[in-house]
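S.K.: Let me see the structure of the following:
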Amino acid sequence: VKHLIRCLRQHTPAVLQISPAGIRLLKNQKNEVDYQFAGQNESDFLFEENIGFKNQLCIIGGGHCALALSELMAKMDFYIRLFDDRPDLDTLKKNRFAHEKSVLENYEDIAVFMPPGNNVYVVVMTLGYRSDEVVIRRLLDKNFKYFGVLGSAAKMKTLLDNLQKEGFPAQKLTRISAPIGIPINSRTPEEIAVSIAAEIIKVKNGVLVF
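M.R.: A predicted model of the protein is given here:
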């Protein structure tokens with residue numbers, strides 16, 4: 001139990017294993033699926049569960065919308081990682097909801113910090129159109145469960161059309177949710193956060209597939 005608590009507090013991967021032989025904690029391991037069970041009867045079975053957060057939310061850009069989204073998603077089963085290239089950003093300092101906060105020299109290196117995976121959700125909301133484009137270019141070859149970009153419909157269409165003209169595969173570009181969020185006419189950072197969270201939950205629960 002102490003090892004289990006330590007892994008949860010330190011956010012280190014581990015697998016909880018239950019079988020007739022007893023309960024074991026396999027530290028520094030993680031299965032491809034969160035839960036799995038196999039067995040014939042009460043004397044021949046194996047149950048395994050990945051412990052800790054089941055999903056990872058990577059927010060790129062630490063402004064007001066990121067602060068609101070972090071607060072909302074922190075109430076759910078998401079490990080939140082926040083990235084920005086502005087070390088003195090006030091909203092980045094105020095964000096006590098993200099589990100990790102990283103200040104990058106620039107967004108050219110963002111791919112190094114982004115692990116692909118079926119439990120990874122990426123939200124891009126940097127300061128502007130150009131930095132959004134840099135992030136998209138760097139992450140387009142990675143496979144995520146969800147990849148969304150905040151921005152107006154017109155600007156996002158122009159950006160994605162230009163990338164397609166450059167030769168980026170249309171199949172990968174269509175996997176990007178842009179503009180991000182469900183259409184509820186959001187205006188404030190809090191409303192925008194609700195629309196994004198709703199879309200992420202919809203994807204997570206298998207209602208919408210990208």
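S.K.: element containing residue 130?
M.R.: Per DSSP states H and E, residue 130 falls inside helix 129-139.
S.K.: which residues are in contact with that helix?
M.R.: 60-61, 85, 106-111, 114, 122, 124, 126, 147, 149-151, 155, 159, 163, 176 (Cβ atoms under 8 Å, 6 or more residues apart in numbering). Placement of C-beta: from N, CA and C, glycine included.
S.K.: Distance from the helix or strand that comes right after it to the middle of the chain?
M.R.: Per DSSP H and E, the first helix or strand lying C-terminal to helix 129-139 is strand 144-149. The chain centroid and the centroid of strand 144-149 are separated by 8 Å under Cα atoms, centre = their mean, to the nearest Å.
S.K.: Packing partners of strand 144-149?
M.R.: Here strand 144-149 touches strand 117-124, helix 129-139, helix 189-204, going by 3 or more Cβ pairs under 8 Å, 6 or more residues apart in numbering; DSSP states H and E.
S.K.: Quick one, which of the ones you listed gets closest to residue 183.
M.R.: Residue 183 sits nearest to helix 189-204 of all those, at 7.5 Å, using Cβ to Cβ.
S.K.: Now the closest one: buried residues?
M.R.: 189, 192-197, 199-200, 203-204 (16 or more other Cβ atoms under 10 Å).
S.K.: any weak-confidence spans in this structure?
M.R.: Within the chain, the stretches with pLDDT under 70 are 207-210.
S.K.: in it, which spans are helices?
M.R.: Taking DSSP state H, the helices of the chain run over residues 2-10, 64-73, 90-94, 129-139, 153-165, 170-173, 189-204.
S.K.: right, so of those helices, which gets closest to residue 182?
M.R.: Short answer: helix 189-204, nearest of the helices of the chain by Cβ to Cβ, at 4.9 Å.
S.K.: Against residue 105, how distant is residue 113?
M.R.: 12 Å (Cβ to Cβ, to the nearest Å).
S.K.: Oops, could you answer that again for residue 150 instead?
M.R.: From residue 150 to residue 105 the distance is 22 Å (Cβ to Cβ).
S.K.: Ok, residue 197 next?
M.R.: For residue 197 relative to residue 105 (Cβ to Cβ), the value is 30 Å.
S.K.: Next: residue 1.
M.R.: Counting by Cβ to Cβ, the gap from residue 1 to residue 105 is 42 Å.
S.K.: follow-up on the earlier one: could you dump the buried residues of helix 189-204 to JSON lines with distance to residue 74?
M.R.: Below are the buried residues of helix 189-204 laid out as JSON lines (distance: Cβ to Cβ, whole Å):
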{"residue": "189", "distance to residue 74": "15"}
{"residue": "192", "distance to residue 74": "16"}
{"residue": "193", "distance to residue 74": "11"}
{"residue": "194", "distance to residue 74": "14"}
{"residue": "195", "distance to residue 74": "17"}
{"residue": "196", "distance to residue 74": "14"}
{"residue": "197", "distance to residue 74": "11"}
{"residue": "199", "distance to residue 74": "17"}
{"residue": "200", "distance to residue 74": "13"}
{"residue": "203", "distance to residue 74": "18"}
{"residue": "204", "distance to residue 74": "15"}
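S.K.: Having no further points to raise, I will conclude here.
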